[in-house]
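Trainee: I'll drop the sequence and a predicted model, then ask my questions.
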Amino acid sequence: MYRHEGSSTPPRPSTPAVRCGLALPVAGRYPRSVTTARLHHRACNLCEAMCGLVIEHDGERVLGIEGDPDDPLSRGHLCAKAFALRDIAVDPDRLRRPLRRRADGSYAEIGWDEALDEAAARLGDIQARHGRDAVAVYQGNPSVHNLGTMLFAPQLVRALRTRNRFSATSVDQLPHHFAAYLLFGHQLLLPVPDVDRTDHLLILGANPLVSNGSLMTAPGMRTRLRALRARGGRVVVVDPRRSETAEAADVHHFIRPGGDALLLAALCQQVLAAPGPRLRHLAATVDGLDTLSQALRTYTPDAVASATGLDADVIAGMARDFAAAERAVCYARLGVCTAPHGGLALWLVAVLNLLTGNLDRVGGAMFTSPAVDVVARSSRGGYARWHSRVRRAPEFGGELPVSVLAEEILTPGSGQVRALITSAGNPVLSTPAGHRLGQALEQLEFMVSIDIYRNETTRHAHLILPPRTGLEVPHYDLIFHALAVRNTARFADRLLAGDPGGRDDWQIYAGLLQRLDAGGGGPWARLLALANRTLSPTRQLDLALRAGPYGSLGGRALRRDGLSVAALRRQVHGVDLGPLRADQLPARLATAGRRIDLAAAPILADLVALDAELSAAGTQESGREVLHLIGRRGLADCNSWLHNAKTLAKGRDRCVLLLHPEDAALRGVCDGEVVRLRSAVGAVQVPVRLSSEVMPGVVSLPHGFGHGHDGTSLSVANLRPGASINDLTDPSALDSLTGNAVFSGVQVALERLHP
Ligand SMILES: Nc1nc2c(c(=O)[nH]1)N[C@H]1C(S)=C(S)[C@@H](COP(=O)(O)OP(=O)(O)OC[C@H]3O[C@@H](n4cnc5c(=O)[nH]c(N)nc54)[C@H](O)[C@@H]3O)O[C@H]1N2
Ligand SMILES: Nc1nc2c(c(=O)[nH]1)N[C@H]1C(S)=C(S)[C@@H](COP(=O)(O)OP(=O)(O)OC[C@H]3O[C@@H](n4cnc5c(=O)[nH]c(N)nc54)[C@H](O)[C@@H]3O)O[C@H]1N2
Ligand code: SF4
Ligand SMILES: [Mo]
């Protein structure tokens, strides 16, 4: 009964009135269970779109899921993945009790107290013997979609006081944080494209029609792009693959993988060379404009044309159109972040918006005003305050790039990683040379994983601690409300009880924390820590909402109608807090003197390095035998972890290699043939699909596959294992500026199995 995108506009309110979180029986609309069916309203937490859902249930079982037409942000949109929320709840492969791995590789269920005692004792012992840095932490993507984890995981990480902190950030959006930190002084001050009011949207390396938007919470992008074009606006997509978003755009240009920093440098160069940059209200806030102009002067369209694969005329036209549009915004995402100059590229995206007068302005790149001000409540970040032990990769925001994790485990010496906590992550499938990381994990003295599955990563753990999840936990999007194209707020209590003796993620963190620092700190420190820990996430959220800009204690006066958890419980469809607001700068800048520096030293240095590479590339010819690998996302996938959801495990094989017919002809490869793909670090076998969607010389493979390993409990996913793209990606290839992993343009060779 879920409604797919592309269906006609959802009907206006037909859901019965539901007040105070009390769900009323529905008559007529749900014939299956008229007497017992009730409705629960919540936002989906599987991706960043946070679609409002109406879930029909009988108290214990989910009977149906629909998009909530009254959600002020998603307006009825949802995708097929929403139904996986039910699959996860009933999945027999889900872990529900702690598991201890025996020496023979089998597992025993143990009690929660025993498991937490053992985990804390082993971690404490290893730190006592080998120092703080001997324990590493890796936090995966679903952490950000979980209120309890957002509030409690940082406390555990702080308590461990290790420098070996890793997360999915360094295989994803690190360049965005880096650019925000350098330009605006805070890693979370991330401008969001105002898609609903722009006239010109330039998209680089993102496919929001499939990914449903990232660092741009905008459910129903197909409808939003259609509306943009209907009001006379233009959508331009730059991507080495003619993606679903490119298909829906006015114009699509192929670009060589990794070419975006060059393209963006040329776009900024063109804007700066044209008469008068339009900095508008920020003109008096910006320093270093001349230095930047000087640094960019060699990046002409002609100079970057061959390296980007774009004609110089096309680049010049792209810059002209962007600058001429009344309201324009450039939005770049994963394909641009995960490239050798990803940090520089994302910095240039923000600068292009700034130079054309589109930053902090309606229809441009704007800052949100969420009900919980996560910017004010979190650390500004920091850069290169320390470096990794073996490779000297820079820290960012207190974390090291996950690409160095395996070498930190395998290289002996003081500070060597001997224990690992993973939480809501699957780095064996999601990080470069994951297969090698998997081998390294076997060398650990101790590994504990907080996860709902025994998967490719957690199968290496000595202990697995499985939390309640999804519909079994209360939900509020601390992060994604702060990245949404409209200010809204939405809260839901848990719908399903989950395992009666089970724990939420935050309770696992609290349990570990309590045991780890029992006896440490003074009495006041202990009391404070205890108070903090015993306040549930919902209670903490309530305090944050009340103290926030729309809260009863926030703003200028005490407001009886202010936001709180109770108020959100009454407003089951969510609360609309209005469109994004312009002119927030310079007041919100967290930089020294509230200035924007366009001549930051790391950026200028990287521009010099890029220029040197560009000159060197001019003298090299890469032959047709080398192919450049890029990634891909499918509508029914969610990184590595929803492949066990029965509802989604249907249809054609998704883990296929897209190969251009010209490249296939050159090698005599046929459609459907299984080939071997080899890179500097590994090889995989995958079936080929011939497609002129990809530019010649480029091949595309989705990530998140590579199941079927012994010791995993993923009976559905293991039936269609696919191959892991990260058995090919190379941890030695990093964006040297930020440490982000490089996934775009990995050099591979294609071999026929039966030539
Ligand atoms: N080559 C290549 N690699 C990529 C990418 C790419 O495009 N190409 N994309 C990258 C990106 S953007 C990301 S974000 C990463 C993702 O990388 P990861 O976060 O490492 O991996 P996921 O596949 O998201 O795995 C999530 C894990 O969380 C568990 N989980 C789900 N819900 C919960 C919960 O409520 N609590 C707990 N404790 N666990 C839970 C799941 O069982 C699963 O094990 O992958 C990156 N890797
Ligand atoms: N269905 C689905 N939705 C998801 C996820 C999922 O796994 N499945 N994962 C979620 C997560 S964790 C994230 S971070 C977001 C990511 O959301 P997006 O950033 O939209 O990510 P992708 O869909 O991977 O799109 C990246 C695009 O970049 C292109 N590309 C690759 N290399 C280059 C390059 O060098 N230059 C340019 N210009 N383009 C390039 C690819 O062809 C692809 O079309 O999606 C989220 N939503
Ligand atoms: S688009 Fe994302 S948030 Fe919306 S239903 Fe699908 S997975 Fe859930
Ligand atoms: Mo991601």
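Mentor: Thanks, I have it. Ligands and ions are numbered 1, 2, ... in the order given.
Trainee: Residue 129 - how many residues pack around it?
Mentor: 10 (other CB atoms under 10 Å). Quick note: C-beta positions are derived from backbone N, CA and C, even for glycine.
Trainee: Counting neighbours, what do you get for residue 595?
Mentor: 15.
Trainee: same check, this time on residue 313
Mentor: Neighbours of residue 313 (other CB under 10 Å): 11.
Trainee: Phi first, then psi, for residue 273.
Mentor: Main-chain torsions, residue 273, degrees, to the nearest 10: phi -80, psi -20.
Trainee: Just list the residues touching the residue of the stretch 251-400 of the chain found nearest ligand 1, thanks.
Mentor: Residue of the stretch 251-400 of the chain nearest ligand 1, by CB to the nearest ligand atom: residue 334 (5.6 Å). Residues in contact with residue 334, defined by CB atoms under 8 Å, 6 or more residues apart in numbering, are 172-173, 205-206, 211, 214, 631, 743.
Trainee: Now, those that are in helices?
Mentor: residue 211 (DSSP state H).
Trainee: For ligand 1, tell me which of the contacts of residue 334 show up nearby.
Mentor: When the contacts of residue 334 are checked against ligand 1 using CB under 6 Å from any ligand atom, the ones in range are 172, 631, 743.
Trainee: Run through the residues that contact the residue in the chain positioned nearest to ligand 1.
Mentor: At 2.7 Å from ligand 1, residue 140 is the closest residue in the chain, using CB to the nearest ligand atom. Counting by CB under 8 Å, 6+ apart, residue 140 touches 167-168, 422-427, 430.
Trainee: mind redoing it with 10 Å?
Mentor: 149, 166-168, 171, 402, 422-427, 430-431, 449-451, 457, 639-641 (CB atoms under 10 Å, 6 or more residues apart in numbering).
Trainee: How about residue 461?
Mentor: 99-101, 107, 119, 420-422, 441, 444, 446-451, 454.
Trainee: now with 8 Å?
Mentor: Contacts for residue 461 (CB under 8 Å, 6+ apart) come out as 101, 422, 447-449.
Trainee: Skipping adjacent residues, who's closest to it in space?
Mentor: residue 449 (4.0 Å; CB to CB, 6 or more residues apart in numbering).
Trainee: Restrict the contacts of residue 461 to the buried ones and give me that as a PyMOL selection.
Mentor: Buried residues within those, by 16 or more other CB atoms under 10 Å, are selected in PyMOL with:
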select buried, resi 101+422+447+448+449
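Trainee: ok, and which of the contacts of residue 140 reach ligand 2?
Mentor: Checking the contacts of residue 140 against ligand 2 (CB under 6 Å from any ligand atom), the matches are residue 639.
Trainee: measure the residue of the stretch 251-400 of the chain closest to ligand 1 to ligand 3 for me?
Mentor: 15 Å (CB to the nearest ligand atom, to the nearest Å).
Trainee: so what pLDDT did that residue get?
Mentor: For residue 334, the pLDDT comes out at 98.
Trainee: ok so, going back, show me the contacts of residue 140 that map onto strands.
Mentor: Of the contacts of residue 140, the ones assigned to strands by DSSP state E are 166-167, 422-423, 449-450.
Trainee: looking at this, residue 685 is in a strand?
Mentor: Yes: counting by DSSP: H, G, I helix; E, B strand; the rest coil, residue 685 is part of a strand.
Trainee: hmm, back to that, count of neighbours near the residue lying closest to the residue of the chain closest to ligand 1 once chain neighbours are set aside?
Mentor: In space, and not counting its chain neighbours, residue 140 is closest to residue 425: 2.2 Å by CB to CB, 6+ apart. Residue 425 has 30 neighbours, counted by other CB under 10 Å.
Trainee: hmm, back to that, just checking: which of the ones next to ligand 1 among the contacts of residue 334 also lie near ligand 2?
Mentor: 172, 631.
Trainee: Narrow the ones next to ligand 1 among the contacts of residue 334 to those that are buried.
Mentor: 172, 631, 743.
Trainee: Looking at those residues, which is nearest residue 572?
Mentor: Minimum distance to residue 572 across these is 31.9 Å, recorded for residue 172 (CB to CB).
Trainee: ok, so what distance separates that closest one from residue 85?
Mentor: 23 Å (CB to CB, to the nearest Å).
Trainee: ok, which stretches of the stretch 101-250 of the chain are helices?
Mentor: For the stretch 101-250 of the chain, the helices defined by DSSP state H, counting those that start in this stretch cover 112-130, 147-160, 174-184, 208-211, 221-230, 244-247.
Trainee: Dump the ones you listed to CSV, plus mean pLDDT and distance to residue 665.
Mentor: Formatted as CSV, the helices of the stretch 101-250 of the chain follow (pLDDT from 0 to 100; distance: least, CB to CB, whole Å):
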stretch, mean pLDDT, distance to residue 665
helix 112-130, 98, 56
helix 147-160, 95, 49
helix 174-184, 98, 37
helix 208-211, 98, 28
helix 221-230, 98, 34
helix 244-247, 98, 24
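Trainee: most neighbours per residue, which of the ones you listed?
Mentor: helix 174-184 (a mean of 27; mean count of other CB atoms under 10 Å).
Trainee: Any residue of that one touching ligand 1?
Mentor: No: contact of helix 174-184 with ligand 1 (CB under 6 Å from any ligand atom) is absent, the minimum separation being 10.3 Å.
Trainee: so does that helix get close to ligand 2?
Mentor: No: Helix 174-184 is not in contact with ligand 2 by CB under 6 Å from any ligand atom; minimum separation 10.3 Å.
Trainee: thinking again about what came up before, reformat the ones in strands among the contacts of residue 140 as TSV; add pLDDT.
Mentor: Converted to TSV, the ones in strands among the contacts of residue 140 look like this (pLDDT from 0 to 100):
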residue	pLDDT
166	98
167	98
422	98
423	98
449	98
450	98
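Trainee: Alright, that wraps it up for me.
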